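**Student:** fold the following and give me the result.
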Amino acid sequence: MLRSTRALCVAVFVVACAFRASAAPTDIAVTAQTIALYNDRNVVLADGGVVVTFGQVTLSAPHAMLDLVAHTLILYGGITEKIAGTTHTGQSYRLDLANEHGQLLATTSVENVVATSPLVTAQQMVIRPGVDLRFTSATLYGANGSQPASTYTFPLLAVHARNFGPPVTQGAALELPVRLAQSTRWFVYGDGQYDRYLGGFGASVEAHLANSNRGYIALAATPTQHYTRYDLAALGNIRPGLTQTFAAARAPGLRFARYALTSFGRRGSLQGIVVQNLASRSDDLVYSTPRLAVGSALFLTVSTDVGHDVHPFDYAITQDARSGASVTLSTQSIHIASAAVSFQGSLGGTMYTYGRRSGNASLGTFATRSFGRVLQLSAGLTLAQYNDVIGPYPRSTQRTLSASVGYRPHAPWSLFTALSYAHDYPQFFGIGRGVFTQSFALRVHRKRGISFEVDGSYGAGGIGINPRPTLGFFVIR
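**Tutor:** Reported below is the predicted structural model:
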């Protein structure tokens, strides 16, 4: 299925008309096992075999954090830096996106890198400082759960620029966005679209309002052949380290609203979340410690969650309270045969007031090997098990094997491709993930700062599992 160019067009419009960014800077490519954007925390977190390339520099590390407010990219957990055939090592690396100045550090200094409820996840991200972030073969999370997208573009703020926020509509297979009106404090655009699974032919109108860089309000209406959907999103930075977000959507069978108040700092993060959909509601209070150093080679993170659920359609138990905790332990990079290898494990469980108990455990390993800045190979293996005393499958498992290749020759083009294999139990009749998922991103760089990009992904395997292919074409200035 062709995916949306909506995010790109909005990002280009916002950057060109509102932010007045400078000429295109050097692209910074980031690949990892998991890259997640947390809009309410203003951070992007990358975990598992992180590789960063820009100019003649190639960096590898187990973890990385992009601070969207400070405009800094920090890699930590044991760093390998390669510049023109020369290799250096350290504990962390700090890159200032404003002047593209990097510094290898002997110590690790990361304030807090724990967050929940990502806006988007991917395995590759391209940073254009002061312009945007481009996530390739991404997964978006919202009122309808998760959905794939060939590319998701998140606009970056220039210094003192207004924060207009990302698009809020769910998109469609085919779209034609058109700018309708604009001002220094707001902009409106329309979008003609078609998607056979989302109401057929339709059109949407989306408006973004912002008076400063501290937050925004975005509203959208999408009438189709069969129904009309309404979306709303808002973010406010109350003060440094304290944000609030609100999202709502209305459509047939959907009456969704989510409010979150998030506090974060050196002592960890505390988040209060209220989610309502129709008559069901969930209330959560989540606390996560910072990533704590254990000795010289390990990092420890502890998370706790106290919640209350209301589900009136379950006549046996209409509401319940629960409490849970999880522990995550990760290692620094271990260098084996010119490859950087890291490990991560987690253990957690949840207890419910009506006697239900559940637990989960996972173990993963990730490896990367770079051949200069031209060729990059990555691989990962994750094993996870979930135990629950209630349900048709008291024990379920997920096994994931992934591999990716990044190729950046001296010619004006680059290629990134990834293949993942999922072996789940259960994995049939619409339950579980597709067996194979293939994704790629091909970019051709032209003169005068213009690039052409083709992105796509395709899933296969699993009885009754929708492969949900994606494909996108982009012209980037």
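**Student:** now for L300: which residues touch it?
**Tutor:** Counting by Cβ atoms under 8 Å, 6 or more residues apart in numbering, L300 makes contact with 289, 291-294, 327-329. Glycine gets a C-beta too; all of them are placed from N, C-alpha and C.
**Student:** ChimeraX command for the buried members of those?
**Tutor:** The ChimeraX command for the buried members of these (criterion: 16 or more other Cβ atoms under 10 Å) is given here:
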select :289,291,293,328
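**Student:** which two from the contacts of L300 end up farthest apart in space?
**Tutor:** Comparing every pair within the contacts of L300 by Cβ to Cβ identifies A293 and V327 as the most remote, at 15.0 Å.
**Student:** now the helix or strand hosting T328: buried residues?
**Tutor:** Using DSSP states H and E, T328 falls within strand 319-331. Buried residues in strand 319-331, counting neighbours by 16+ other Cβ under 10 Å, are found at 320, 322, 324, 326, 328, 330-331.
**Student:** which helices and strands sit right next to it?
**Tutor:** Using 3 or more Cβ pairs under 8 Å, 6 or more residues apart in numbering; DSSP states H and E as the contact definition, the elements that strand 319-331 packs against are strand 57-67, strand 298-310, strand 339-352.
**Student:** what about stretch 47-62, start to end distance?
**Tutor:** Start and end residues of stretch 47-62 are separated by 6 Å (Cα to Cα, to the nearest Å).
**Student:** so how far is it from its chain's centroid?
**Tutor:** How far stretch 47-62 lies from its chain's middle: 18 Å, per Cα atoms, centre = their mean, to the nearest Å.
**Student:** pLDDT averaged over that stretch - what is it?
**Tutor:** Stretch 47-62 shows an average pLDDT of 85 in the prediction.
**Student:** buried set for that stretch?
**Tutor:** Residues of stretch 47-62 classed as buried: 47-54, 57-62 (neighbour count, 16+ other Cβ under 10 Å).
**Student:** same question for stretch 385-405.
**Tutor:** Taking 16+ other Cβ under 10 Å as the neighbour-count basis, stretch 385-405 is seen to contain the buried residues 386, 396, 398, 400, 402, 404.
**Student:** which residues in this structure form helices?
**Tutor:** Here the chain has its helices, by DSSP state H, at 6-14.
**Student:** what is the burial count for R357?
**Tutor:** Close neighbours of R357, defined as other Cβ atoms under 10 Å, add up to 12.
**Student:** OK, contacts around it?
**Tutor:** For R357, counting by Cβ under 8 Å, 6+ apart, the contacting residues are 349-351, 388-389.
**Student:** now L377
**Tutor:** Shown here is L377, whose contacts under the criterion Cβ under 8 Å, 6+ apart are 368-371, 403-405.
**Student:** okay, now stretch 237-255: how far is its last residue from its first?
**Tutor:** Distance across stretch 237-255, first residue to last, is 26 Å (Cα to Cα).
**Student:** give the rounded mean pLDDT of that stretch.
**Tutor:** For stretch 237-255, mean pLDDT rounds to 89.
**Student:** for that stretch, which residues meet the burial criterion?
**Tutor:** Judged by neighbour count (16+ other Cβ under 10 Å), stretch 237-255 contains these buried residues: 237, 243-251.
**Student:** the contacts of L300 into a markdown table, with extra columns for pLDDT?
**Tutor:** Formatted as a markdown table, the entries for the contacts of L300 read as follows, by pLDDT from 0 to 100:
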| residue | pLDDT |
| --- | --- |
| T289 | 87 |
| R291 | 78 |
| L292 | 82 |
| A293 | 79 |
| V294 | 83 |
| V327 | 94 |
| T328 | 91 |
| L329 | 90 |
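**Student:** could I get the contacts of L300 as TSV with distance to S137?
**Tutor:** Formatted as TSV, the entries for the contacts of L300 read as follows, by distance: Cβ to Cβ, whole Å:
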residue	distance to S137
T289	32
R291	27
L292	33
A293	33
V294	34
V327	31
T328	25
L329	29
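**Student:** from the contacts of L300, pick the one nearest N163.
**Tutor:** After measuring these against N163 - Cβ to Cβ - the closest member comes out as R291, at 27.1 Å.
**Student:** is it true that the closest one touches S303?
**Tutor:** No. Under the criterion of Cβ atoms under 8 Å, R291 makes no contact with S303, lying 11.2 Å away.
**Student:** which of the contacts of L377 fall in strands?
**Tutor:** The strands in this structure, assigned by DSSP state E, contain 368-371, 403-405 from the contacts of L377.
**Student:** any idea which of those residues is closest to G190?
**Tutor:** Sorting these by distance to G190 puts S404 at the head of the list, at 37.2 Å, by Cβ to Cβ.
**Student:** residue contacts, that closest one?
**Tutor:** If you count contacts by Cβ under 8 Å, 6+ apart, S404 has them with 31, 123-124, 377-379, 416-419.
**Student:** now with 10 Å?
**Tutor:** 31-33, 49, 51, 123-124, 368, 376-380, 416-420, 439-440 (Cβ atoms under 10 Å, 6 or more residues apart in numbering).
**Student:** how far away is it from G130?
**Tutor:** S404 sits 27 Å away from G130, going by Cβ to Cβ, to the nearest Å.
**Student:** where in the stretch 201-350 of the chain is pLDDT low?
**Tutor:** The stretch 201-350 of the chain contains residues with pLDDT under 70 at 315.
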